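> Sequence first, then the predicted structure, then my questions.
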Amino acid sequence: MSDRVEQPGRRRSLFWRLWFRSLVVRRPQAALAVIALFVGAALASMLLNLYSDVHRKMTEEFRSYGANVILSSQGVTSVGRGSIGGLMDEAAFARLESMRAKAPGMTAAPILYLVTEISRVPQEPRMPDFENVVAVGSDFNALKALVPGWRVSAGADDGPLHTGECAVGSRLAHRFRLKPGDTVKLSLAGEARTVGGVTPSRTFRVAHVISTGSSEDDQIFVSLADLQKLANIEGKISVIAVNIPGQTAAIERSVQQLRTAFPQLDVRPIRQIVYSQGKVLHTIRGLLVSLMGLILAIIALCVMATMTAIVLERRKDIAVMKALGASNHDVTRLLVMEGASLGIFAGIGGFVLGGFLAALVGERLFGVNLSIVWWTLPVVWFGTVALAALATFFPVGIMRRIQPATALKGE
């Protein structure tokens, strides 16, 4: 009776001893399987780390291009003096602010555009008396958050524009030889110059000189309230510039939500930015999936061939096990455990090597410092173990056909 009770425990002890011996006994085929799994895990880890970190950094790079969605008035019925396009109520921005809690990462800024005349105070010889420029009224900190690629080349690189302060683009500053501390005068241009014989104008102290590499280098930036007072259009703005992070489908969904929330406004995505970002990320994802599929197929075939060779080499051992009473299920479990064990060691080592290679490739090819993305560790590890275990099922079919008497006779 006691022998029957102890028999399952003895069988389990024998199983684990056989499993341990299969790992420690040196076999070139097992070493080849480990190397194949190690290389596959390293390549998978490198590609996953590269994709994850490059995806994040490319999203940050696309953000540097500025807004990808614009909210503006429908039509031009409420054009203000000197304004560019139609105007809308500033209250729309307050409503948008209440929606930002539902869209993490979204940045926005209200903007008022006016055509103005700028002149230096005091005027200097061999300098233009005035020049027509676009004046931008907004929250300067919000604009810098919206377009991280802007660089403040002169003046303090922090803080908002206070009342009576302005920031000028680098090309405009070069033409008027402006630097922080200088004074300029802004006046309305065109038909809006005079109101009752008086030309609305205001002086501003230059606080920043910014370099953007685009048309903003020819513009002047003041606080929204200052520009509204200059044109006597308090509470009015031209557009709301919005940057919505995410892929193309997510941005389109957000655009539809904005159109529903603001039916009186024209909500337009800047498709060059939105679809360029989506196309680039889609191409990278497709390349990653293709390479991963090819790598997994090659590694699976290699491991399958190696495990088949191991089974053929151990035909007599398997025949002895069957002759002593081991079932096909027991032998199958032993082979699968042996393959999975090879995957455990190869997966951990491959993840470490893949992380190092990803950092090296990121620095050499992309010029960026990539860090290890730790969520890829369980993916690579479990994937390697699963691949090694699944690759043993084909040799299992060979094992099931082994007859103890025939194999032990050497036939």
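Yep, it's here. Just so it is clear, the model here is predicted, and its values are computed rather than measured.
> Show me what the longest helix along the chain packs onto, helices and strands only.
When the chain is parsed with DSSP state H, its longest helix is helix 271-313. Other helices and strands packing on helix 271-313, by 3 or more C-beta pairs under 8 Å, 6 or more residues apart in numbering; DSSP states H and E, are helix 28-63, helix 248-261, helix 328-361, helix 376-391, helix 393-400. Heads up, the C-betas are built off the backbone N, CA and C, glycines and all.
> In JSON lines, list those along with distance to S214.
Converted to JSON lines, the helices and strands packed on helix 271-313 look like this (distance: least, C-beta to C-beta, whole Å):
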{"stretch": "helix 28-63", "distance to S214": "15"}
{"stretch": "helix 248-261", "distance to S214": "22"}
{"stretch": "helix 328-361", "distance to S214": "31"}
{"stretch": "helix 376-391", "distance to S214": "37"}
{"stretch": "helix 393-400", "distance to S214": "59"}
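> Can you check which of these gets nearest to A101?
helix 248-261 (13.2 Å; C-beta to C-beta).
> how far does that closest one sit from the chain's center?
19 Å (C-alpha atoms, centre = their mean, to the nearest Å).
> quick one on the thing from earlier: which one, of the helices and strands packed on helix 271-313, ends up nearest to C302?
Using C-beta to C-beta, the nearest of the helices and strands packed on helix 271-313 to C302 is helix 28-63, at 4.2 Å.
> okay, the helices and strands packed on helix 271-313 in JSON lines with mean neighbour count and mean pLDDT next?
Shown next, in JSON lines, are those (neighbours: other C-beta atoms under 10 Å; pLDDT from 0 to 100):
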{"stretch": "helix 28-63", "mean neighbour count": "20", "mean pLDDT": "78"}
{"stretch": "helix 248-261", "mean neighbour count": "16", "mean pLDDT": "85"}
{"stretch": "helix 328-361", "mean neighbour count": "20", "mean pLDDT": "85"}
{"stretch": "helix 376-391", "mean neighbour count": "20", "mean pLDDT": "88"}
{"stretch": "helix 393-400", "mean neighbour count": "16", "mean pLDDT": "75"}
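> Between those, which one is closest to M99.
Using C-beta to C-beta, the helices and strands packed on helix 271-313 put helix 248-261 closest to M99, at 6.6 Å.
> before we move on, the earlier item: render the CA-only coordinates of the next helix or strand after the longest helix of the chain in CSV, please.
Toward the C-terminus, helix 271-313 is succeeded by helix 315-323 as the next helix or strand (DSSP states H and E). Output of helix 315-323 as CSV, limited to C-alpha atoms (Å, rounded to 0.1, in the frame of the first residue of the first chain):
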residue,chain,number,x,y,z
ARG,A,315,16.1,7.2,-29.7
LYS,A,316,17.4,4.4,-27.5
ASP,A,317,17.1,6.5,-24.4
ILE,A,318,13.4,7.2,-25.3
ALA,A,319,12.9,3.5,-26.1
VAL,A,320,14.3,2.5,-22.6
MET,A,321,12.0,5.1,-20.9
LYS,A,322,9.0,3.6,-22.8
ALA,A,323,10.1,0.1,-22.0
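> Helix 315-323 packs against which elements?
Looks like helix 315-323 contacts helix 328-361, helix 404-409 (3+ C-beta pairs under 8 Å, 6+ apart).
> could you dump these to CSV with distance to L87?
Shown next, in CSV, are these (distance: least, C-beta to C-beta, whole Å):
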stretch, distance to L87
helix 328-361, 50
helix 404-409, 90
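> Please identify which of the ones you listed is closest to I111.
helix 328-361 (40.0 Å).
> packing partners for the closest one?
Checking 3+ C-beta pairs under 8 Å, 6+ apart, helix 328-361 ends up next to helix 2-24, helix 28-63, helix 271-313, helix 315-323, helix 376-391, helix 393-400.
> can you state the direction angle for that helix and helix 28-63?
Interaxial angle of helix 328-361 relative to helix 28-63 (axes from the mean of the first three to the mean of the last three C-alpha atoms, to 10 degrees): 40 degrees.
> Over to L186. Which of the three states is it?
The three-state label for L186, taken from DSSP: H, G, I helix; E, B strand; the rest coil, comes out as strand.
> tell me the contacts of it?
T116, E117, I118, A135, C166, S201, R202, T203, F204, I220, V222, L230 (C-beta atoms under 8 Å, 6 or more residues apart in numbering).
> what do you get for D218?
V133, V134, G169, R171, L172.
> so how far is A326 from it?
Remark: distance between D218 and A326 (C-beta to C-beta, to the nearest Å) = 84 Å.
> Same question for D139.
In terms of C-beta to C-beta, D139 sits 76 Å off from A326.
> Ok, P125 next?
Applying C-beta to C-beta to P125 and A326 gives a distance of 104 Å.
> So for the two, which residue has more residues nearby?
A326 (19 against 4; other C-beta atoms under 10 Å).
> Am I right that the more buried one sits in a strand?
No: applying three-state DSSP, one finds A326 to be coil, outside a strand.
> Model confidence at it, what's the number?
Predicted confidence (pLDDT) at A326: the value is 74.
> List phi and psi for it.
phi -70, psi 140 (degrees, to the nearest 10).
> Also V147?
Per degrees, to the nearest 10, the backbone of V147 is at phi -130, psi 80.
> ok, it to L335 distance?
For V147, the distance to L335 - C-beta to C-beta - is 60 Å.
> Also K229?
82 Å.
> same question, I398
Counting by C-beta to C-beta - I398 and L335 are separated by 10 Å.
> Identify the contacts common to the two.
The contact sets of I398 and L335 overlap at V311 (C-beta under 8 Å, 6+ apart).
> can you give me the helices for the stretch 51-200 of the chain?
Using DSSP state H, counting those that start in this stretch, the helices of the stretch 51-200 of the chain run over residues 91-99, 140-146, 170-176.
> relative to helix 28-63, how tilted is the longest helix of the chain?
On the basis of the same axes, to 10 degrees, helix 271-313 is oriented at 170 degrees to helix 28-63.
> Next up, the contacts around A41.
So A41 contacts A346, G347, G349, G350, F351, G354, V380, W381, G383, T384 (C-beta under 8 Å, 6+ apart).
> circling back: I'd like to know which of the helices and strands packed on helix 315-323 lies nearest to N369.
helix 328-361 (7.3 Å).
> Now A109. Nearest residue, chain neighbours left out?
Nearest in space to A109, with sequence neighbours left out and distances taken as C-beta to C-beta, 6 or more residues apart in numbering, is A142 at 3.8 Å.
> wait, doesn't the one you found sit right on M106?
No: counting by C-beta atoms under 8 Å, A142 stays clear of M106, with 11.9 Å between them.
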